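Mind folding the following:
(chains A and B)
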Amino acid sequence: MSVNHQGLYELLKETVGPEYISDDPPVLEAYSRTGWVLGKLKKKRPGFIILPGSVEDVQVIVRTANKYNVPFIPIGSFLHWSCQATYPETIIIDFKRMDKILKIDEKNKYALIEPFVTYSQLQAEGMKKGLWLPVPSSGGNTSVLANHLFCGSHFAMHRIPYYARAILGVEWVLPTGEILKLGSAAYGDDYFWGEGPGPDLKGLMRGYIGVLGGLGVVTKMAVRLYPWTGPEIFPCRGVYPEKIFDFPKDFVKLYLAIFPNTEDAVNAIYEICKAEIGMSLHLVSTAMAMAPMAKSKKEFIRLCKGFKKIPEFLLFMSFRTSPKVMAFEEKVLQNIVSENKGTFIPDEMVSSMHESIPETLRSSVSMRIVNPTGGYDVFRSWAESLDKLLDQLKQAKKFLIEKFEDLIHFYYLIPLELGHYGHIELSILYDPLTQLKKALECQNIGLKQDADQKMYVTGSAGPAHVLLGPAYGNYHLLLKEIKKKIDPNNVSNPPYPIDVRDNRG
Amino acid sequence: MLEIIEGEKMSKEIMELENIIGKGRIIQTPNILKLYSIDKSNFDPEGMPIGIIKVKNTIEIQKIMKFSNKNKISITPCSSGVHFYGRTIPTKRSIVIDLSEMNNIIKIDERNKNATIESGVSFLQLENVKDNGLLPLFPLCPPENKSVLTSYLEREPILVPKLEYYEPILTMEVILPTGEILRTGSAAVMPSKFAEYVVPFGPGLNWNQIFQGAQGTLGIITSATIKIEYLPKQDITYFITSDDLEDLIEPLYMIQRSLLGYECLLLNDLNLLMILESNKSENKSIRQKIPRWILIICLSGGDKLPGEKIKQEEEDLKDCLKEFKIKPSMTLGGLEKRILSTLRQAYKGQYWKLKLRENFQDIFFITTLDKVSTYVKIVDEISSHLNYPSDEIGCYIQPLVRAGACHIEFTFFYDSSNDKQTQIVRNAYEKLIKRLFDAGAFFSRPYGSIQTNFTYQNNPIYSKVLKDIKEIFDPNNIMNPGKLCF
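Modelled structure (predicted):
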């Protein structure tokens, strides 16, 4: 069935009312590219921006899109380029009106949220009730729901699981417009539990990363919250980048240590995981450690020069659950660092890091990371055992130094679930005006190398599935079947999670 | 070697299959088939398989699956030597693929805290990792021949409610009904010098989650890499007891909110005594000495300063219980010494739930701790009304993910040779499923026709999507048909 642009506009307008739909060119232009620099390369205007107010609105929008074979894209914070239109007349579903925290269950430690609730918003409300959740590296203004679906990587993954584990009950509008409810929400209004009944269909929502709106629209989600013993109000003052954080000294404590080589540092991480201490644990390259501290490009370069003989730091953060825990953790940490030939950096040498790191609790350090050059991207990202990640890192660093030495690179390695496995991101900083193409080339070569060498990539999506699939047991063929079955008209953000056909020219 | 009975009429397909996997490999001896047609506690009808194949390796399973898929022969997989929920009873005439002889512990990785095991590895076998200073993640006193992978795939709760230990499966090897292999998580890159196959997510989707709770309806899991933990160097076990369950709920919330302890669970007196005592008459006298509800919390210390760790946790435990005016005890009528060692191993000898009567029937579901007292009252009321003595109901409450939710399990005991007892338990079971369902109980892993009917009839869209997924993996519906909504 076909309809022209104006006809579709009228149909959608009937659903949400004239004030919540737009096809005004300046508005469409604003939605033509996301905040990610690489998104600039595939800039394209969508056909409509629509702001639903309820799940029923979403159902009508999705059914209309199906009826007229028009693609739709549900967006969260509009950061990732998968939120950008690929096809003409695309309907962008923006959830700014659906921004309510529907419930915080203090006892059972979860929140039920709508799609546009941000991390800062939920964290602030949670802290009043002795609960919180760490903010992902994309920042406090990120949609909690979208980020739990897409990625969910945060600075405390050593102790608080990756957010793929934190999704509880879900309300999900399928690409056909039907409502699927998962977990305890499957037959009731209680969203406290996420698995089942029977096979866990949460498995369809994401792998290491999500399906990027390619299998429908999640309109409600319960997410797990975690005990918080800090102040009810987040203690900060000033304006970025001069923001100051006034946490009580006995609440959060940061330690930095250096080791003779990366192997010793990784051994220390294994021991820390074994001892089950600390809230946050990272091995960060010096440039990565300096970026959050620097308030300008000039300062970044100065700091990097100051620490140029040190390749990386072990960064350990302890939170107070009780004063006794903090004292015990410090003692064990000292023991482990010393046994692994490490040395602590005196606090006064990294005082600005002590000032800026608490920012990771609320707004993340993403803005600071972009500061030095204006362009930032993840060149390689893998997950595996910590030892294997170390092997991968060595090889990738060598490649970067040989082939792309003018792009600044930095990395962090983080153990997950007390070291059962780990995650590493090797990122590049570049000048978006002069080095964008080079950055993209670097990234594409990296992905191909990962497939050839059978490294386990975390950030696979869209075309990457087709590239990696044959090296990963042809999982992409099953993924295609699932996309076809769940989204029979291929209207839910094609070509995600994987391209199944192209019938729109 | 078991031989096919002389004169037994085999279908053409069975003979063809035997040609593929080897003469004498398909067991059709009636008394053995009978063993696979029933289990210990299920009210669903018996289902006689047409043959049993004790498989040896992945290649063999692939051959059977390809053949069965082509010829539309149903397959029911089983791994444990003991079954309780009807999951392995063939609903249609099926071949049972018995994986119990695929029981190799392929690898133990102490540094990365994992083990790679085949499906037939039992908890009894796995507990030997203690020799390497490791500890398996145990559910509550599993039968010694229970398959570890089956337990984890069926999402049986484990005793340690820490967030980091939830979902013990890291990666898996799955044989799909087409005979193809799907490796989940980072095992997808196998073989690779850059991987130890320990990442649970992806590639593309979370296949682990899709296969969990599937009761063998989507494929056969042949091996997996699972989380293992370090064996603590020192432990102290504390008990908080009361005759009123409600007294223990807030303290339990507080303990978990304070991130204290290792194993933590709540049992009623009947369950505790069945686990610890072998003698029924002894039970009666001890039972009079202990309160009805027992909260068990174990404080543990690892390699580094274990004594200090325990001391710190002891002080924090006492601090957090002050507001409830509770002092945790280290004694429990003389039973205290055996508790922790019993919880950290497979249950030896006769399974504890079979000590009181010949059979038992479990009802379990997921809820939150603030609602458990309501459910206990419902169960007591309905059971009494149906003349089932409430002091013969076992109850086990397992906090999950730091008490974000809990598993609650009621156990009814009966002798299947006693028609009256059987009928009483059957009536109680049927009435309770409906009543608990209406009261909000979430049957996250529904077993048997009564539970599955309630679950899936009340959510047609969930059933529809499950069927869509099933059709992709198993287009001919050969995998354990009749289970769940398939």
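
ok now stretch B:432-446, how far from the chain's centre?
Using CA atoms, centre = their mean, to the nearest Å, we find the averaged C-alpha position of stretch B:432-446 to lie 18 Å away from the chain's own average C-alpha position.

er, stretch B:231-249 I mean
When C-alpha coordinates are averaged (CA atoms, centre = their mean), stretch B:231-249 and its chain have centres 23 Å apart.

Over to stretch A:465-481?
Computed by CA atoms, centre = their mean, the chain-centroid distance of stretch A:465-481 equals 23 Å.

Wondering if the host helix or strand of B:S68 reaches chain A at all.
Under the criterion of DSSP states H and E, B:S68 resides in helix B:58-71. No - with CB under 8 Å from any CB of the partner chain as the threshold, helix B:58-71 lies outside contact range of chain A, at a closest distance of 13.4 Å. Placement of C-beta: from N, CA and C, glycine included.

Show me what the helix or strand just after that helix is packed up against.
Downstream of helix B:58-71, the next assigned helix or strand under DSSP H and E is strand B:74-78. Contact analysis of strand B:74-78 by 3 or more CB pairs under 8 Å, 6 or more residues apart in numbering or on different chains; DSSP states H and E lists helix B:58-71, strand B:94-98 as its packing neighbours.

Rounded mean pLDDT for strand B:74-78, please.
Taken as a whole, strand B:74-78 carries a mean pLDDT of 95.

Kindly compare burial across the helices and strands packed on strand B:74-78 and name the winner.
Most buried of those by mean neighbour count (mean count of other CB atoms under 10 Å in any protein chain shown) is strand B:94-98; its value is a mean of 25.

what helices or strands is it leaning on?
Short answer (3+ CB pairs under 8 Å, 6+ apart): strand B:94-98 packs on strand B:51-54, helix B:58-71, strand B:74-78.

Run through who's touching the first one.
In this structure, residues lying in contact with strand B:51-54 by CB atoms under 8 Å, 6 or more residues apart in numbering or on different chains are B:14, B:21, B:25-28, B:32-33, B:36, B:64, B:95-98, B:100-101.

Widest-spaced pair of those?
When those are compared pair by pair using CB to CB, the farthest-apart members prove to be B:I14 and B:S100, with a separation of 21.2 Å.

about what we covered before: which of the contacts of strand B:51-54 sits closest to chain A?
Of all the contacts of strand B:51-54, the one with the least separation from chain A (CB to the nearest CB) is B:I97, at 19.2 Å.

What's the separation between that closest one and B:I61?
7 Å (CB to CB, to the nearest Å).

what do the two both touch?
With contacts defined as CB under 8 Å, 6+ apart, the residues shared by B:I97 and B:I61 are B:55, B:220.

what's around A:S77, how many residues?
A:S77 sits with 22 neighbouring residues when counted by other CB atoms under 10 Å in any protein chain shown.

Contact partners for it?
Listed by CB under 8 Å, 6+ apart, the contact partners of A:S77 are A:118, A:138, A:141-143, A:146-147.

Narrow these to those in helices?
Restricting the contacts of A:S77 to those inside helices, with DSSP state H as the criterion, leaves A:146-147.

can you give me the strands in the stretch 51-200 of chain A?
Counting by DSSP state E, counting those that start in this stretch, one finds strands in the stretch 51-200 of chain A at the ranges A:72-75, A:91-94, A:101-105, A:110-113, A:131-132, A:167-173, A:179-182.
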